[in-house]
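Enquirer: Here's my sequence, what's the structure:
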Amino acid sequence: MNHHPTCLNLSRRPLLAVIVAVFATLAGSTYGQSGQVSKVPFDLPKFKEVLSQCRLQSPSTSNPLVRDGKFEGFSKPGRFYLAEDGSTMVLATDKDGRDRSELRHNAHFSVSDANHLRATLRFDKPETTGRKARLHIVQIHIKDFLGNDKGPLLMLHWRENRGGKADHIWAKVRQDFVPKTKKNKYYDLGPRPEEFTTLDVRVEDGMLRISRDGEMLVEDDVSDFAEAPCYFKTGCYTRDLKAHAVEFESLTITTP
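Expert: Residues are numbered from 1 along each chain as shown. From the prediction side, this is the model:
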């Protein structure tokens, strides 16, 4: 390779000018601006508050990758990171079958209070590996009076095919405190989004309401669970799928 001879004959003053010019160029680039591309999700102001209130359950619930909102400086390729343009947060699994990368909100709430999760997200069509394929993106879990987890009250998940509808998102709402009764209601939330879609989950005065892009699709009485502590989860929880990812443009969770 031939080197340009002038690069070897720079005096100190021109060399200093070159260095200043390089830094000026960087300062004018995406990384040098106040709205620069961030390296980790916690760097983005829009995610700071919610991340400070969550833990990252990945790949298991018993040994979270991040505890008690300590997300500053943290990312993990294949699990929790920013998309290439630095403007969205990705929660992903990196193995096939059953795997998870979920934000578990630390606060517990009652369905009698005013509680709200709002997520603007998107995901590609998953590749299934079994008959029970699911991609869970939002959940409300409940506990008993001893603090034992009793499973989900609500699951928003993608199904390959249900009720003759392919590639849709569904809300599964539990109707009985005892999980083994398997009394559930299912609500169709529409086709999987090709672009970002906003899911709005509200629980107040014993009523569960879910809307998608401003359209109310679910109104269900969950007052029977008034004595049960609840908490929100959101992210990417796969079952009988290839490794997958869910991308968040925004996420807010509000509890009393």
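Enquirer: Name every strand pairing with the strand ranked longest in the chain and say which way it goes.
Expert: Looking across the chain with DSSP state E, the single longest strand is strand 149-162. Here strand 149-162 is paired, per DSSP bridges, with strand 134-143 (antiparallel), strand 165-174 (antiparallel).
Enquirer: By mean pLDDT, flag the weakest helix or strand of this structure.
Expert: Ranked by mean pLDDT, DSSP states H and E, the weakest helix or strand in the chain is helix 12-28, scoring a mean of 37.
Enquirer: Need the residues that contact stretch 207-219.
Expert: 111, 154, 156, 169, 171, 173, 187-190, 197-203, 220-223 (C-beta atoms under 8 Å, 6 or more residues apart in numbering). For glycine as for every other residue, the C-beta is placed from the backbone atoms N, C-alpha and C.
Enquirer: Compute the distance between D124 and V178, please.
Expert: To V178, D124 is 36 Å away according to C-beta to C-beta, to the nearest Å.
Enquirer: Equivalent analysis for H105, please.
Expert: Separation of H105 from V178 (C-beta to C-beta): 25 Å.
Enquirer: between the two, which one's more packed in?
Expert: Legend: neighbour count by other C-beta atoms under 10 Å for H105 and V178, higher for H105 (22 against 10).
Enquirer: Surely that one touches F232?
Expert: Yes. With contact defined as C-beta atoms under 8 Å, H105 counts as touching F232 (4.3 Å).
Enquirer: Now list whatever residues contact both of the two.
Expert: 117, 253, 255.
Enquirer: Would you mind confirming that the last one makes contact with V111?
Expert: No. Contact status for T255 versus V111: not in contact, 11.3 Å apart, counting by C-beta under 8 Å.
Enquirer: so how far is K76 from R98?
Expert: Remark: distance between R98 and K76 (C-beta to C-beta) = 19 Å.
Enquirer: Show me what stretch 124-137 is in contact with.
Expert: Outside stretch 124-137, the residues that touch it by C-beta under 8 Å, 6+ apart are 96-97, 119, 121, 123, 155-160, 167, 169, 192, 199, 234-242, 244-246.
Enquirer: and if we set it to 7 Å?
Expert: Residues outside stretch 124-137 that contact it (C-beta atoms under 7 Å, 6 or more residues apart in numbering): 96-97, 121, 123, 155-160, 167, 192, 234, 237-242, 244, 246.
Enquirer: Flag every buried residue along that stretch.
Expert: Within stretch 124-137, the residues scored as buried using 16 or more other C-beta atoms under 10 Å are 126, 128, 133-137.
Enquirer: What's the end-to-end length of it?
Expert: Counting by C-alpha to C-alpha, to the nearest Å, you get 13 Å between the two ends of stretch 124-137.
Enquirer: domain parsing for this protein?
Expert: Under the assignment automatic domain parsing, the domains of the chain span 1-36, 38-254.
Enquirer: Please work out which of those domains is packed deepest.
Expert: Most buried of the domains of the chain, by mean neighbour count (mean count of other C-beta atoms under 10 Å): domain 38-254, with a mean of 17.
Enquirer: pLDDT of that domain, averaged?
Expert: Across domain 38-254, pLDDT averages out at 96.
Enquirer: Give me the distance between the spatially closest residue to H157 that is not a sequence neighbour and V50.
Expert: Spatial nearest neighbour of H157, chain neighbours left out: H136 (4.5 Å); criterion: C-beta to C-beta, 6 or more residues apart in numbering. Look at H136 and V50: by C-beta to C-beta, they are 18 Å apart.
Enquirer: Which ones among the shared contacts of H105 and F232 map onto strands?
Expert: Filtering the shared contacts of H105 and F232 for strands - DSSP E - leaves 117, 253.
Enquirer: All the strands of the stretch 51-200 of the chain, in order from the start?
Expert: 54-57, 80-82, 89-92, 97-105, 115-122, 134-143, 149-162, 165-174, 184-191, 197-204 (DSSP state E, counting those that start in this stretch).
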